[in-house]
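Visitor: For reference, the sequence and a predicted model appear below.
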Amino acid sequence: MHRNGPVYAACVFLTLFAVSNKIYWGNTGIELPLPAKLLELCGIFRSSGRMFYLVAACMVVYAVYTLRDRLPGRYAVLVLALFVGVQAFDLSAAAQQKRQKFADPINATVVNNDQTASLGAGHTQLLAAGEVREDRLRLLAILAGKQGLATNLDIAVSGSHPAAEASRADTAARLAAGQYDPTAVYVTTDGATWENWQAVFAGDDSLNFFVADSCYFMVPAV
C-alpha cells in the first residue's frame, strides 16, 4: 500500500473528478451546486467521465497481479480467459453496431453538403445565434473544425460554456440590429430567425442565404 500510495491517490482524484454533479434516475434528476470558478475550471476537460478510464485500467492490472499471486497458474489463466470472454460477449453488440454504421452509406448532412464545402474560404468564424438544436450541435461543431473556423458552440468550446452562450445571445442581438462581421458565417436552427435576417438585410446583395440539413445560414461574400 505504501509503495503504491501515489497511484492510489491519483486514482482517488481521477475518480472524484469523473463523478458528475448531475444525478439522474430515468428522466428525474438533481444537480448539486458547485462554485462557478470550479465549474469553469473543470469545463476545460470535457466528458470528465473519461478520467475514470485510467482508474479502470489500474483496477484490471491489479486484478491480474492478484490472480497471479493467489491462484495456481492454470487456474489464473482460466479465470482470465473467462473474464476476456465475458468482455468480448458484452462488447459484441456494440461492435456489430459500429460495423453496420460503417457499412451503411453516408447520409447527407450539413458537414458534407455542397453549399457548406467552402465556408472556410475567406471566413474565420462560424457564429451561431441563439439556441441550437441538440441534434445539430455536434454536426455544426464538426463543420466548424473541418472548415478551420472558430465557433461559439458549447460542444466545441473549452472552458466557460456561459461565455459561449453569451456570445450566441450577443450575435443574435447584433444581427437583429442590422450588424454583422463580414469575416463570419452565421447559422441558426430556427427558420423564423433566419427569415428575420433576410428581412433585416433585404437590401444587402453581398449576403448569401441558404438552408442545409435544417441549418439556416447567412454567409457574407468574400
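Guide: That came in fine, so what should we check first?
Visitor: Point to the residue nearest the middle of the chain.
Guide: Residue closest to the mean C-alpha point of the chain, counted by Cα atoms, centre = their mean, is Ile155 at 4.3 Å.
Visitor: so that one sits right up against Leu139, yeah?
Guide: No - contact criterion Cβ atoms under 8 Å: Ile155 and Leu139 do not qualify, at 10.0 Å. All C-beta spots, glycine's among them, are computed from the backbone N, C-alpha and C.
Visitor: And the pLDDT at the residue nearest to the centre of the chain?
Guide: Ile155 carries a pLDDT value of 78.
Visitor: Leaving out sequence neighbours, find the closest residue to it.
Guide: Ala141 (4.7 Å; Cβ to Cβ, 6 or more residues apart in numbering).
Visitor: can you check Thr183 too?
Guide: Thr124 (4.8 Å).
Visitor: Which secondary structure elements does the longest helix belonging to the chain sit against?
Guide: For the chain, the longest helix by residue count, based on DSSP state H, is helix 73-103. Contacts defined by 3 or more Cβ pairs under 8 Å, 6 or more residues apart in numbering; DSSP states H and E place helix 73-103 against helix 52-70.
Visitor: which strands and helices sit next to the helix it packs on?
Guide: When contacts are defined as 3+ Cβ pairs under 8 Å, 6+ apart, helix 52-70 packs onto helix 5-18, helix 73-103.
Visitor: Give me the buried positions along the shortest one.
Guide: Of the residues in helix 5-18, those with enough neighbours to count as buried (16 or more other Cβ atoms under 10 Å) are 11, 14, 18.
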